[in-house]
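In: Structure for this input, please:
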Amino acid sequence: MVIQMKYSIKKQFAMIFIGLMSATILLCWFTNSTFLGKFYMRDKMGALKNAYTVVNRAFSAGNAMTEQFDIQLQKIIETDNISLIVLDTDSQMLITSRNDQEIMSKRLWENFFHNFEEETGAAILETEENYTIQRIVDSRTQTEYIEIWGVFDNGNIFLFRSALEGIKDSVAIANRLLAYIGVAAMVISGIIIVRVSSKVTEPILELTEISERMARLDFDAKYCGSSKTEIELLGNNINELSNTLETTISELKTANNELQKDIEHKNEIDEMRKEFLASVSHELKTPIALIQGYAEGLKEGINDDAESREFYCDVIIDEAAKMNNMVKKLLTLNQLEFGNDIISMERFDIAALIKNYIQSVEILTKQKGIQIRFDQFAEAVYVWADEFKIEEVFGNYFSNAINYAAGDKIIDVKLIRMDHKVRVSVFNTGEPIPEESLAHLWEKFYKVDKARTREYGGSGIGLSIVRAIMESMNQNYGVINYDNGVAFWFELETN
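Out: Below you'll find the model as predicted:
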């Protein structure tokens, strides 16, 4: 990904470096032009003063004519390019460094006896008790010299001179060379600084891309550089920030999802509460009206005979029992749906449970002429579940089978083994359930045949309790229509 920026750090680095290089070269040029001549002049004056001091001490010490001094003097002459001549008081030459001693001698005496100010281009630079330093232009050769002349401590006279060698031309040459070198240095340095700044800005651009992806909530990109600088520290911190943001956003999304579930659950509870109140009001309206009507009849003495009063009382007791049964089932269902009931998982024999239940309702089935089919000698089938609640589930299925058994009046109970599970099926002969009613069977107060349900005292809550119990244990349940009847089933784990 190419990131376009108005002000690139790489360009800024290059411009700053080139600017510093240019300023440095200009400063060197200005320094050369302004101070190089003066520095060169001072250097020459220092060399002449040093030569004067060495020779003066040699004459004062009386060793000016020794070989050792001659070697020392030659080194000074060659190193500093100095010409010199020394005369005694009788104008006899004692030391000279050139073959043109006559010219040097003449120049020495001119300094003593001629007017120095009349010479063209002459200037006195420094004057002391025993010597004078001056700058002159040789009238014969037009060469510029710097001279020191005067009298030694022992009375000998001297002249030391050194050519200035065209200092202005030297400064011009030095500045020209500096310009060439400066341009070349700026070009080379510019290339180098571009490459170096690229190395510096590459990890910064990488971090920029990572931060841009983080802004789009993409936390897969990580900084993998190894620059071992502050940039690596920044990259590691951005990686840590990325991980923290990813974790935090994940936690926020989880919390938001849970909150959404809580809101939906609250809405469901509100709807369930409204539905519950409406259904309870509807279901209790009939028995309450019957109780109220028969109670008023008793009070007003509509029938004075004992048999009628007993009938009235039986109706009131029967309706009150139905109401009591309904309230108990509603309380049970309420606990299951709101998660207030504790599921106790235990291992038990489902075959034994079914046998015991069938035996307990044997009288009722015989009264209704219903034939029960179940292997009374079936082997033990152990399952994991809440035994008390499973008995309630089976009881609801079996009660419905008794109430709706028709035709051959057969109830067939089967235990069907499956992989790690067993299916309990309760089939009764009779009319199949209408297809449009199958999806509503598990709803509270839903009744396929309201007249028949009222006849045997059903409340329409039993299958809702079955659904709540099976879902609390995360087990499957259902209903199957056959041509000659209906089978309700549920499944339990065997291990």
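
In: so where's the stretch 201-350 of the chain shaky on pLDDT?
Out: 219, 226-228, 272-287, 290, 294, 302-304, 318-319, 322-323, 325-341 (pLDDT under 70).

In: Check the spacing between the residue nearest to residue 371 when sequence neighbours are not counted and residue 430 real quick.
Out: Leaving aside its sequence neighbours, residue 371 sits nearest to residue 410 (Cβ to Cβ, 6 or more residues apart in numbering; 5.0 Å). Where C-beta positions appear, they are placed from N, C-alpha and C, glycine not excepted. Residue 410 is 9 Å from residue 430, where distance means Cβ to Cβ, to the nearest Å.

In: for residue 248, same thing?
Out: 60 Å.

In: Residue 432 touches residue 482, doesn't it?
Out: Yes: judged on Cβ atoms under 8 Å, residue 432 makes contact with residue 482 at a distance of 6.6 Å.

In: hang on, the earlier thing: let me see the contact set for the residue nearest to residue 371.
Out: Counting by Cβ atoms under 8 Å, 6 or more residues apart in numbering, residue 410 touches 370, 371, 373, 427, 428, 429, 485.

In: tally of neighbours for the first one?
Out: Neighbour count for residue 370, taken as other Cβ atoms under 10 Å: 19.

In: The fifth one too?
Out: Burial of residue 428 is recorded as 27 neighbouring residues (other Cβ under 10 Å).

In: Bridged to it, which residues?
Out: residue 411, residue 486 (DSSP bridges).

In: Correct me if wrong: it contacts residue 401.
Out: Yes: here residue 428 reaches residue 401: they are 3.7 Å apart, a contact under Cβ under 8 Å.

In: Quickly list what's touching both of these two.
Out: In contact with both residue 428 and residue 401: residue 411, using Cβ under 8 Å, 6+ apart.

In: Report the beta-bridge partner residues of residue 133.
Out: residue 126, residue 148.

In: and it, how many neighbours does it have?
Out: For residue 133, using other Cβ under 10 Å, the count is 21.

In: How about residue 242?
Out: 20.

In: now swap in residue 107 and tell me
Out: Neighbour tally, residue 107, other Cβ under 10 Å: 20.

In: In three-state terms, label it for me.
Out: Applying DSSP: H, G, I helix; E, B strand; the rest coil to residue 107 yields a three-state assignment of helix.

In: Once you drop chain neighbours, what's closest to it?
Out: Counting by Cβ to Cβ, 6+ apart, the residue nearest residue 107 is residue 159, at 6.2 Å.

In: before we move on, what SS does residue 91 have?
Out: Classified using three-state DSSP, residue 91 is coil.

In: Quick check: closest non-adjacent residue to it.
Out: residue 105 (7.6 Å).

In: Any figure for the gap between the one you found and residue 82?
Out: 16 Å.

In: The two - which one has more neighbours?
Out: Taking other Cβ under 10 Å, residue 105 and residue 82 do not tie; residue 82 has more neighbours (22 against 17).

In: Could I get the contacting residues of that one?
Out: So residue 82 contacts 47, 48, 51, 76, 97, 160, 161, 162 (Cβ under 8 Å, 6+ apart).

In: Narrow those residues to those in strands?
Out: 160, 161, 162 (DSSP state E).

In: Phi, psi for residue 86 please.
Out: Dihedral angles of residue 86 (phi, psi; degrees, to the nearest 10) stand at phi -130, psi 130.

In: what's the burial count for it?
Out: Neighbour tally, residue 86, other Cβ under 10 Å: 23.

In: is it in a bridge, and if so with what?
Out: Here residue 86, judged by DSSP bridges, has bridge partners residue 95, residue 158.

In: Wait, it touches residue 93, no?
Out: Yes: using Cβ under 8 Å, residue 86 makes contact with residue 93 at a distance of 7.3 Å.

In: Okay, helices next: where are they in the stretch 301-450 of the chain?
Out: With DSSP state H, counting those that start in this stretch, the ranges of helices along the stretch 301-450 of the chain come out as 306-337, 350-360, 362-367, 387-404, 435-438, 450-456.

In: er, the stretch 1-150 of the chain I mean
Out: 9-31, 37-61, 67-80, 101-113.

In: In the shortest one, which residues are buried?
Out: The one in question is helix 101-113. Neighbour-count burial for helix 101-113, counted by 16 or more other Cβ atoms under 10 Å, picks out 104, 105, 107, 108, 111.

In: longest helix anywhere in the protein?
Out: Assignment by DSSP state H gives helix 230-300 as the longest helix of the chain.

In: What is it packed up against?
Out: Packing contacts for helix 230-300, counted by 3 or more Cβ pairs under 8 Å, 6 or more residues apart in numbering; DSSP states H and E, involve helix 167-215, helix 306-337.

In: May I see these organised as a markdown table, with mean neighbour count added?
Out: Formatted as a markdown table, the helices and strands packed on helix 230-300 follow (neighbours: other Cβ atoms under 10 Å):
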| stretch | mean neighbour count |
| --- | --- |
| helix 167-215 | 14 |
| helix 306-337 | 15 |
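
In: Throw the ones you listed into a markdown table and include distance to residue 394, thanks.
Out: Formatted as a markdown table, the helices and strands packed on helix 230-300 follow (distance: least, Cβ to Cβ, whole Å):
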| stretch | distance to residue 394 |
| --- | --- |
| helix 167-215 | 58 |
| helix 306-337 | 15 |
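
In: Out of those, which is closest to residue 72?
Out: helix 167-215 (27.7 Å; Cβ to Cβ).

In: circling back: of the helices and strands packed on helix 230-300, which is nearest residue 149?
Out: Taking the helices and strands packed on helix 230-300 one by one with Cβ to Cβ, helix 167-215 is closest: 21.1 Å.

In: Run the angle between that closest one and helix 37-61 for me.
Out: Computed by axes from the mean of the first three to the mean of the last three Cα atoms, to 10 degrees, the angle separating helix 167-215 from helix 37-61 equals 130 degrees.

In: And for residue 148, the neighbour number?
Out: Neighbours of residue 148 using other Cβ under 10 Å come to 25.

In: OK, contacts around it?
Out: Here residue 148 is in contact with 45, 48, 49, 51, 52, 131, 132, 133, 159, 160, 161 (Cβ under 8 Å, 6+ apart).

In: Many thanks, I have nothing further to ask.
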